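Chemist: sharing a model prediction with you, sequence too.
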Amino acid sequence: MARVSRQHHPQFPNQSTHPVDEVLPVGKLTLYGFQHVLAFYAAAVIVPILLGNALELSHEQLVYLINADLFTCGIASIIQALGVWKIGARMPLVQGVTFTAVSPMIAIGQGAGGGTAGLLVVYGAVITAGIATFLFAPFFSKLVKYFPPVVIGTILTIIGMTLIPQALQDAAGGAQLIGKPEYGDLKNLGYALGTLLFILAVVRIGKPYLSSLAVLLGLVGGTAVAWAFGDVDFSAVQHADWFGVSTPFHYGMPKFEPFPIIAMVVVMLITMVETTGDVYAIGEITRKRVDNDTVARALRADGVATVLGGLFNSFPYVAFAENIGLVRMSRVMSRFVVVAAGVFMIALGLLPKVGSLVAAIPHPVLGGAAISMFGMVATVGIQILGKADLREERNALILAVSLGAAMLPTAVAPFFDRMPEGVRAVLNSGITLGGLTAILLNLLFNVFTRRNAVEIDWDEMEDDGEPADAAYPPPADQDPAGAADPLGVPGPAAAPYDPQRPARHFPPPGPARHFPQHPQAPQGPHWDMPTH
């Protein structure tokens, strides 16, 4: 394997710390952290809602699931961003319940009779899968070389593509209105479009500080307009309790059954790939080096969070792709913002009344904001795909077939009704099916054939050796002492660090280029890329 790497660590003149490790003032931490919570909230609560409805839980049991989910999300996000021992990537990654596990958990719970009895079997499988994830993390991180840009980029693109329909569904009024005349009503579409246009307008013409809060302002503004027209219901806030604590084993001791455990372990293997992609994506955005150790720490955090989920009546956790789009849009990269978001989530989990207030945001408003964020997740995947040579037929087929497979569960749902229950529980998910397809096709086309490859140099992405102020002079109408980025977030003068600066690309079509190998090069992510 040919290797492109450098021996020195990137230098950031005029910056004592990397922006990921920067501790912002309390006011900014509060605002940016709350923005992450708002961006994350709808996707966070949808899993307990879907599972609770499928298992026919009571309203009180469903509210408890939501509170337990938020409480555990907060703890898990703090562990991932802050880091404890060898646990946590120490990157701005928010932990949330993985959508990949929804269908398997529903199948497991319904197979156990539904209700709380089904939940106990689910929790037994979740706890076991979390332990397996923690133990397997260091070994999985060494398999990164089998996940080149074409695989990671494809999986991230699939995640974004499968989340966008959820955003569009919310824009039309939410799943609860499907089949009713109100679904797709012009008023709902107007709220969604108005929210999206407001976000775009703030990013385009807003002041630097306001631009970084575009999503938050869009949600607040859209909710205010909907309230003015009488389309916001705050009655649930009045009836919600002020304080509620999630206790371990609330529904009883978990039950550990073989098949559910196997199914959930398979699901967690897929989420490990998802987290690997998320870690590389956040490294791409923040231009902070990601290596095998970073991936292993992130996966350990997933394992710990999943075990906590099973203990505290919640579900499997993964680094949340949704908030990656927000990091890219806001350009706020401090991991301590995610720590602040974790504190907010714990508070929401302990204060159902406050959580009910956030839950009162209308679905169309959430959908309008989510369209931009979920689209940005897919954009990150496309950006990583740019590092793969898609002119090469095998890579193009990996992408094409994987995208088609990811659409199958949505486009032809009855196809999976004819499968055995165990197979259906694992494959009836676009992310799972598309991700497995990308992995297997890459093994077939690129790994078993032992093709020559090069590795991506993440040092070069962090610092390409050009003086920043020479390559990226500030606009004429901007004070160099307070340079602002394209989205309006203020930054230090002449910073050599610009997440929007394109990373170096491989040469255009031509004869194969092989680079000399550096035996002593530091370990980095092994994204094998066929050369031409």
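Modeler: Ah, there it is.

Chemist: rest of the way, CA atoms for contacts and neighbours
Modeler: Fine.

Chemist: where do the helices sit along the stretch 251-400 of the chain?
Modeler: Assigned by DSSP state H, counting those that start in this stretch, the helices in the stretch 251-400 of the chain fall at 258-286, 292-311, 322-330, 335-350, 352-359, 363-385, 393-411.

Chemist: in CSV: these, plus distance to residue 101.
Modeler: Formatted as CSV, the helices of the stretch 251-400 of the chain follow (distance: least, Cα to Cα, whole Å):
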stretch, distance to residue 101
helix 258-286, 6
helix 292-311, 11
helix 322-330, 16
helix 335-350, 21
helix 352-359, 23
helix 363-385, 19
helix 393-411, 14
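
Chemist: ok, which of these comes nearest residue 120?
Modeler: helix 292-311 (9.1 Å; Cα to Cα).

Chemist: which secondary structure elements does the closest one sit against?
Modeler: helix 59-82, helix 115-141, helix 258-286, strand 317-319 (3 or more Cα pairs under 8 Å, 6 or more residues apart in numbering; DSSP states H and E).

Chemist: single out the most deeply packed of the ones you listed.
Modeler: Highest mean neighbour count of these: strand 317-319, a mean of 31 (counted as mean count of other Cα atoms under 10 Å).

Chemist: list of residues touching that strand?
Modeler: With Cα atoms under 8 Å, 6 or more residues apart in numbering as the contact definition, strand 317-319 has outside contacts at 73, 76, 93-98, 271-272, 274-275, 278-279, 298, 302-303, 305-306, 309.

Chemist: do stretch 266-276 as well
Modeler: By Cα under 8 Å, 6+ apart, stretch 266-276 touches 98, 100-101, 104, 129-130, 133, 152, 155-156, 295, 298-299, 316, 318-320, 426, 432, 435-436.

Chemist: could you rerun that using 6 Å?
Modeler: residue 319 (Cα atoms under 6 Å, 6 or more residues apart in numbering).

Chemist: same question, stretch 67-79
Modeler: 88, 94-96, 246, 305, 314, 339, 342-343, 345-346, 349.

Chemist: check the residues you listed and tell me the two furthest apart.
Modeler: So, the contacts of stretch 67-79 by Cα to Cα: farthest apart are 88 and 246, at 23.3 Å.

Chemist: between the two, which is the more surrounded one?
Modeler: The residue with more neighbours, out of residue 88 and residue 246, is residue 88; 26 against 20, by other Cα atoms under 10 Å.

Chemist: pull the contacting residues for that one.
Modeler: Residue 88 neighbours (Cα under 6 Å, 6+ apart): 79, 80, 297, 298, 301.

Chemist: and the second one, how far from residue 99?
Modeler: Okay, so that is residue 80. Noted for residue 80: a distance of 19 Å to residue 99, by Cα to Cα, to the nearest Å.

Chemist: which secondary element of the chain has the worst mean pLDDT?
Modeler: strand 529-530 (a mean of 35; mean pLDDT, DSSP states H and E).

Chemist: could you check how many residues crowd around residue 233?
Modeler: If we define neighbours as other Cα under 10 Å, then residue 233 has 14 of them.

Chemist: helix, strand or coil for it?
Modeler: coil (DSSP: H, G, I helix; E, B strand; the rest coil).

Chemist: for it, give me the pLDDT.
Modeler: As predicted, residue 233 sits at a pLDDT of 78.

Chemist: please name the nearest non-neighbouring residue to it.
Modeler: Nearest residue to residue 233 in three dimensions, chain neighbours excluded: residue 360, at 6.4 Å (Cα to Cα, 6 or more residues apart in numbering).

Chemist: do you know how far the one you found is from residue 52?
Modeler: Following Cα to Cα, the distance that separates residue 360 from residue 52 is 19 Å.

Chemist: and the residue nearest to residue 233, how far is that from residue 234?
Modeler: Distance from residue 360 to residue 234, by Cα to Cα: 6 Å.

Chemist: what's the answer for residue 171, then?
Modeler: To residue 234, residue 171 is 20 Å away according to Cα to Cα.

Chemist: ok, now residue 387?
Modeler: Residue 387 is 48 Å from residue 234, by Cα to Cα.

Chemist: those two: who's more crowded?
Modeler: Counting neighbours by other Cα under 10 Å for residue 387 and for residue 234 shows that residue 387 has the greater number, 19 against 15.

Chemist: got the phi and psi for that one?
Modeler: In terms of degrees, to the nearest 10, the main-chain angles of residue 387 are phi -90, psi -10.

Chemist: which stretches of the stretch 1-150 of the chain have low pLDDT?
Modeler: 1-15, 39, 42-43, 59, 103, 144 (pLDDT under 70).

Chemist: try 50 this time
Modeler: 1-12 (pLDDT under 50).

Chemist: hmm, back to that, nearest to residue 405, out of the helices and strands packed on helix 292-311?
Modeler: Per Cα to Cα, nearest to residue 405 of these: helix 258-286, 14.9 Å.

Chemist: run the angle between that closest one and helix 322-330 for me.
Modeler: Here helix 258-286 points in a direction 10 degrees away from that of helix 322-330 (axes from the mean of the first three to the mean of the last three Cα atoms, to 10 degrees).

Chemist: quick one: buried residues of stretch 234-245?
Modeler: By 16 or more other Cα atoms under 10 Å, the buried positions in stretch 234-245 come out as 237, 240, 244.

Chemist: residue 353 is in contact with the second one, correct?
Modeler: In this case it means residue 240. Yes: applying Cα atoms under 6 Å, one finds residue 240 in contact with residue 353, separated by 4.9 Å.

Chemist: if we can go back for a sec, among the helices and strands packed on helix 292-311, which is nearest residue 176?
Modeler: helix 59-82 (15.0 Å).

Chemist: now do the phi/psi pair for residue 189.
Modeler: Residue torsions, per degrees, to the nearest 10, at residue 189 are phi -60, psi -30.

Chemist: flag the shaky bits of the stretch 351-500 of the chain, pLDDT-wise.
Modeler: Within the stretch 351-500 of the chain, the ranges that satisfy pLDDT under 50 run 453-500.

Chemist: okay, stretch 35-47 in PDB with CA atoms only?
Modeler: Extracted in PDB, the C-alpha atoms of stretch 35-47 (Å, rounded to 0.1, in the frame of the first residue of the first chain):
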ATOM      1  CA  GLN A  35     -29.300  25.300  19.200                       C
ATOM      2  CA  HIS A  36     -27.900  21.700  19.100                       C
ATOM      3  CA  VAL A  37     -30.700  20.600  21.400                       C
ATOM      4  CA  LEU A  38     -33.400  22.100  19.200                       C
ATOM      5  CA  ALA A  39     -31.800  20.700  16.000                       C
ATOM      6  CA  PHE A  40     -31.500  17.300  17.700                       C
ATOM      7  CA  TYR A  41     -34.800  17.100  19.600                       C
ATOM      8  CA  ALA A  42     -37.200  16.000  16.900                       C
ATOM      9  CA  ALA A  43     -34.900  13.200  15.800                       C
ATOM     10  CA  ALA A  44     -34.200  12.200  19.400                       C
ATOM     11  CA  VAL A  45     -37.800  11.700  20.400                       C
ATOM     12  CA  ILE A  46     -39.000  10.000  17.200                       C
ATOM     13  CA  VAL A  47     -37.400   6.600  18.100                       C
END
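
Chemist: remind me which helix or strand residue 52 belongs to.
Modeler: helix 26-54 (DSSP states H and E).

Chemist: residues of that helix that come out buried?
Modeler: Neighbour-count burial for helix 26-54 [16+ other Cα under 10 Å]: 29-45, 47-49, 51-52, 54.

Chemist: what's the spacing between that helix and its chain's center?
Modeler: Computed by Cα atoms, centre = their mean, to the nearest Å, the chain-centroid distance of helix 26-54 equals 12 Å.

Chemist: that one - contacts with which helices or strands?
Modeler: helix 59-82, helix 335-350 (3 or more Cα pairs under 6 Å, 6 or more residues apart in numbering; DSSP states H and E).
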